[in-house]
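quick one, fold the following:
(chains A and B)
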There are 2 protein chains.
Amino acid sequence: MWHDGTMEFAVRVTVKLREGIADPQGATIERSLPALGYDGVSRVSVGKVIDFTLAATDEASAKSEVHEMCEKFLANPVIEDVVVEVAPA
Amino acid sequence: MWHDGTMEFAVRVTVKLREGIADPQGATIERSLPALGYDGVSRVSVGKVIDFTLAATDEASAKSEVHEMCEKFLANPVIEDVVVEVAPA
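Numbering: from 1, shown residues only, chains lettered A, B, ... in the order given. Purely as a prediction, here's the structure:
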């Protein structure tokens, strides 16, 4: 707890393309692995992970602030889904 | 369990830049958020997540196959660290 009443939270935002949205990175990996000797791989998808520290008064407000950032800035809600994880740092 | 003796595993590989390696995506996000009204954000880093299904005889061999794929193909061990999660699908 800082003297301004905030705590620090460790945040992980995982951003994945929504089901049905073309994923060229995943498709490339899936095509390439058999050529390298890995045959058992299927359903490859690639996403993005954004880790940061957030100062907030409590976990609920940290979560709601992160969801707002995701909608406005960190993800594209038209084509992407996010998973937000927040834990005391 | 398939008739060839393999099981399916859900795999997640999280690839992050190693400590000390420049992370321009993370730096850009960290610079931009205060301008958008989010002041409490620090230590932003961006990575990649690769999800797939893997057919293997057991969890130990699935894990070792995934670590091998990471070294050869999914990550650059010079600048990136990986975390591998494997669970029965």
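
what's the local residue count around the residue nearest to residue A:36 when sequence neighbours are not counted?
Using C-beta to C-beta, 6 or more residues apart in numbering or on different chains and skipping the chain neighbours, the partner closest in space to residue A:36 is residue B:73 (6.1 Å). (Each C-beta comes from the backbone N, C-alpha and C, glycine too.) For residue B:73, the neighbour count with other C-beta atoms under 10 Å in any protein chain shown is 13.

same check, this time on residue A:35
Other residues close to residue A:35 by other C-beta under 10 Å number 7.

contacting residues around it?
Counting by C-beta atoms under 8 Å, 6 or more residues apart in numbering or on different chains, residue A:35 touches no other residue.

list phi and psi for it.
Per-residue torsions, residue A:35: phi -60, psi -20 (degrees, to the nearest 10).

any buried residues in the helix-or-strand element of chain A with minimal mean pLDDT, and which?
Among the helices and strands of chain A, helix A:24-35 carries the lowest confidence by mean pLDDT, DSSP states H and E, at a mean of 93. Neighbour-count burial for helix A:24-35, counted by 16 or more other C-beta atoms under 10 Å in any protein chain shown, picks out A:26, A:29-30, A:33.

what is the mean pLDDT for the helix or strand just after that helix?
Where DSSP states H and E defines the elements, the next helix or strand beyond helix A:24-35 is strand A:41-56. Strand A:41-56 carries an average pLDDT of 97.

ok, strand A:41-56 near chain B or not?
Yes - counting by C-beta under 8 Å from any C-beta of the partner chain, contacts between strand A:41-56 and chain B involve A:41-56.

in its sheet, what does that strand sit against?
strand A:7-17 (antiparallel), strand B:41-56 (antiparallel) (DSSP bridges).

of all those, which lies closest to residue A:83?
strand A:7-17 (4.4 Å; C-beta to C-beta).

can you list contacts of the closest one?
Contacts for strand A:7-17 (C-beta under 8 Å, 6+ apart): A:1-2, A:23, A:45, A:47-59, A:62, A:66, A:69-70, A:74-75, A:79-89, B:49, B:51.

out of those, which end up buried?
Counted by 16+ other C-beta under 10 Å, these give A:23, A:45, A:47-52, A:54-56, A:62, A:66, A:69-70, A:74-75, A:80, A:82, A:84, A:86, B:49, B:51 as buried.

the least confident helix or strand of chain A: how far from the chain's middle?
21 Å (C-alpha atoms, centre = their mean, to the nearest Å).

identify the residue nearest the residue nearest to the spatial centre of chain A in space, chain neighbours excluded?
Residue closest to the mean C-alpha point of chain A, counted by C-alpha atoms, centre = their mean, is residue A:14 at 1.1 Å. In space, and not counting its chain neighbours, residue A:14 is closest to residue A:83: 4.4 Å by C-beta to C-beta, 6+ apart.
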